[in-house]
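In: need coordinates for the following:
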Amino acid sequence: RRHGVPDPLVVPLFPPGIDPDPEPPAPRAATGRVLFVGRVTRLKGLDHLVAAIPPAAAALGRRLALVVAGDGPDRAG
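Out: Below you'll find the predicted structure:
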């Protein structure tokens, strides 16, 4: 309201004129990659994800690779 957005503002799940696929995507082979997309800051919990990778890999009995797509103040740490 403070910025002039009308009340109520309803945003549809899918854009108008676009229908979601009727079927889910076909199954794919597991790659072992875990993707984090977001700002690299302590508030996002990336440190928890990094710590969870080794026990998750052990529980699954296979290697996992963490792919981080993002930037932020904690990227170097």
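
In: next, Phe65: phi, psi?
Out: For residue 65 the amino acid is Ala, not Phe. Per-residue torsions, Ala65: phi -120, psi 130 (degrees, to the nearest 10).

In: roughly how far does the closest residue to it other than its chain neighbours sit from Ala76?
Out: Closest residue to Ala65 apart from its sequence neighbours, by CB to CB, 6 or more residues apart in numbering: Arg33 at 5.1 Å. (Each C-beta comes from the backbone N, C-alpha and C, glycine too.) According to CB to CB, to the nearest Å, Arg33 stands 22 Å off from Ala76.

In: next one: Arg1
Out: 40 Å.

In: how about Gly17?
Out: Separation of Gly17 from Ala76 (CB to CB): 44 Å.

In: what are the ranges of the helices in this protein?
Out: 46-60 (DSSP state H).

In: give me the below-cutoff pLDDT ranges for it.
Out: Applying pLDDT under 70 to the chain flags the ranges 77.

In: what segments of it are strands?
Out: Listed in chain order, the strands of the chain (DSSP state E) span 33-37, 65-69.

In: and the first one, what does it pack onto?
Out: Right, the one you point to is strand 33-37. The elements that strand 33-37 packs onto, with contact taken as 3 or more CB pairs under 8 Å, 6 or more residues apart in numbering; DSSP states H and E, are helix 46-60, strand 65-69.

In: out of these, which comes closest to Pro25?
Out: strand 65-69 (19.5 Å; CB to CB).

In: mind listing residues that contact that closest one?
Out: Gly32, Arg33, Val34, Leu35, Phe36, Val37, Val40, Leu46, Leu49, Val50, Ile53 (CB atoms under 8 Å, 6 or more residues apart in numbering).

In: so the third one makes contact with Ile53?
Out: Same thing as Val34. Yes: assessed by CB atoms under 8 Å, Val34 is found in contact with Ile53 at 6.6 Å.

In: find residues that contact each of these two.
Out: Contacts common to Val34 and Ile53, judged by CB under 8 Å, 6+ apart, are Leu64, Leu66.

In: okay, how far is it across stretch 64-73, tip to tip?
Out: Using CA to CA, to the nearest Å, the end-to-end distance of stretch 64-73 comes out at 25 Å.
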